[in-house]
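A.B. asks: Quick one: sequence plus predicted model below, questions after.
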Amino acid sequence: MLYLSVQALHILSVIAWMAAMLYLPRLFVYHSQAEAGGEAERFFTVMERRLLKGIMTPAMIATWIFGIALVALAPGWLDDGWLHIKILLVVILSGVHGFYAASRKTFERGERPRTERFWRLMNEVPFVLLIGIVFLVLLKPMAG
């Protein structure tokens, strides 16, 4: 029962994290289109900050905590290759999170760090990583 409860909390955290990871770059697209110094730019700056600090970062931290707890409850997984690859993908996803956070600060300073097209492409990166993570978890290739 403990394992399933931790697993449920992990899944809920991942859902919240991914929702924010998919929404923030979309806000960056709109922010890139907004008039510099205008009302829309101020609006997007507030939305981006609230999303990152209120949902995205807490959800990422919870995802890591519950994920580590799952491994602690099932330490045999550490011998499985699929888990190593999954962890690598989650580390990369966390790096993308950090990149988004740094970019948000750049937008907040009134700078436009990348093009609208770049942000449209970056909007897909978390989902591509998520596809790999979900398939690894469900199929468990390279399991011992």
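C.D. replies: Alright, I've got the coordinates.

A.B. asks: Tell me how far the helix or strand harbouring Ser5 lies from the chain's centre.
C.D. replies: Under DSSP states H and E, the secondary-structure element containing Ser5 is helix 2-33. For helix 2-33, the distance from its own C-alpha centre to the chain's C-alpha centre is 6 Å (Cα atoms, centre = their mean, to the nearest Å).

A.B. asks: Could you find the closest non-adjacent residue to the spatially most central residue of the chain?
C.D. replies: Closest residue to the average C-alpha location of the chain: Met21 at 4.3 Å, with Cα atoms, centre = their mean. The shortest distance from Met21 to any residue other than its chain neighbours is 4.0 Å, reached at Pro126 (Cβ to Cβ, 6 or more residues apart in numbering). For every residue, glycine as well, the C-beta is placed using N, CA and C.

A.B. asks: Give me the buried stretch members for the one helix or strand that neighbour maps to, please.
C.D. replies: When elements are defined using DSSP H and E, Pro126 is found to belong to helix 125-139. Within helix 125-139, the residues that qualify as buried by neighbour count (16 or more other Cβ atoms under 10 Å) are 125-126, 129-130, 132-133, 136.

A.B. asks: same deal with stretch 30-48?
C.D. replies: Of the residues in stretch 30-48, those buried under the neighbour-count criterion (16+ other Cβ under 10 Å) are 30-32, 34, 41, 44-45, 48.

A.B. asks: Ser32 against Trp119, yeah?
C.D. replies: Yes - taking Cβ atoms under 8 Å as the definition, Ser32 is a contact partner of Trp119 at 6.2 Å.
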